[in-house]
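can you look at this prediction? I've put the sequence above it.
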Amino acid sequence: MRVIGSEEISRALPMGAAIAAMRQGFAARVEGRADEPPRTVLHTGSTNGATLVMPAALDVGDVPLLVVKVVSVFPANREKGMASIHGTVIAVDAETGLPIAMLDGASLTAIRTAAACGLATDLLARRDSAVLAVFGSGVHARTQVQAMREVRSIQEVRIYNPNTESAEAMAAELAGSAVSTCRFRVADSPASVLAGADIACAATTSRVPVFEDRAVPDGLHINAIGSFHATDREVPAATVARAGVFVDDREAALEEAGDLIMAIREGLIEAGHIRSDLGSLVLGKANGRRSDDEVTFFKSVGLAVQDAAATQAVLRAVR
């Protein structure tokens, strides 16, 4: 069995290739060429952590592949100087049952999560989008920036985190690695990070909305990836209610996406407010943005088929 670490994954799966893999994977779900049993979530209670077990089979592209990912999300690890996300992906040849690779799950998850948002942004954001607002400054916030810059000509990236030092470190890191004239700066409030923005990405561990609806400009496209509990949300219900809402999967979103569940419980929307899943958008079975002034919102809780598609792309590259 081959062991593939985070550095090799980063080399094998550049963001453009990851977005292409997500396009194929989400389309496969709608076409019935992916098998994705419900994931199991194990909670640890006292540490406010969770471990997820996510299986999937993908029957497209290369040799049909099975994957099982075990990923742990423990936000309190930051207080111990540790990463908050750890994981492992096991890849199995679907024709023989032979385990063929073990991959670093944390880096694969960060890339495929951002790539799904990149795909959604390519399908939903205005073509002239140039200003990106980012909430959060962890690993996932950084990969979100990569994905947005892959699909749109981003000229300015604004970062907001109550921990200003962390936001400044992210801005400096991105500015040092950028090969264009894109500007990176730290915003001093949620309202200032959103003023005049075209795209916003929320990648936080916040349990409450990270901005107010009144700060949301017309035409904004929002990606939210941080919350995956029914009682947590990054986006206010009022914004959800006035936005065109798109999800990675309807059933999963209605079980795990607090941004939507809480808006439903508060009577502001119904389940039918979700306009489409991402795979249907890819295949042209649903319409996306209706006008330049419409606010669009993509909520991702993460799907195992994304891991399968990303793993397949990595194995193809390293062979």
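Received the coordinates, thanks.

after the helix or strand where residue 52 lies comes which helix or strand?
Using DSSP states H and E, residue 52 maps to strand 50-58. Along the chain past strand 50-58, the next helix or strand (assigned with DSSP H and E) turns out to be strand 65-73.

quote the end-to-end distance of stretch 219-232.
The first and final residues of stretch 219-232 sit 25 Å from each other (Cα to Cα, to the nearest Å).

could I get the average pLDDT for it?
Confidence over stretch 219-232, taken as the mean pLDDT, stands at 90.

list the buried ones in that stretch?
Residues of stretch 219-232 classed as buried: 219, 220, 221, 222, 223, 224, 225, 226, 227, 228, 229, 232 (neighbour count, 16 or more other Cβ atoms under 10 Å). No exception for glycine: its C-beta is placed from N, CA and C like everyone else's.

these in helices, which ones?
Counting by DSSP state H, none of the members of those fall within helices.

got those as CSV, with distance to residue 77 columns?
Supplementary listing: the buried residues of stretch 219-232 in CSV, determined by distance: Cβ to Cβ, whole Å:
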residue, distance to residue 77
219, 37
220, 32
221, 31
222, 27
223, 24
224, 22
225, 18
226, 15
227, 17
228, 17
229, 17
232, 17
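
and the two most separated of those?
219 and 229 (29.6 Å; Cβ to Cβ).

host element of residue 140?
Using DSSP H and E, residue 140 sits in helix 139-151.

report all helices and strands that that helix contacts.
Helices and strands touching helix 139-151, as assessed by 3 or more Cβ pairs under 8 Å, 6 or more residues apart in numbering; DSSP states H and E, comprise helix 15-30, helix 105-124, strand 131-135, helix 164-177, strand 199-202.

list the buried residues for stretch 95-111?
For stretch 95-111, the buried set under the neighbour-count rule, 16+ other Cβ under 10 Å, comprises 100, 101, 103, 104, 105, 106, 107, 108, 109, 110, 111.

much appreciated, bye for now.
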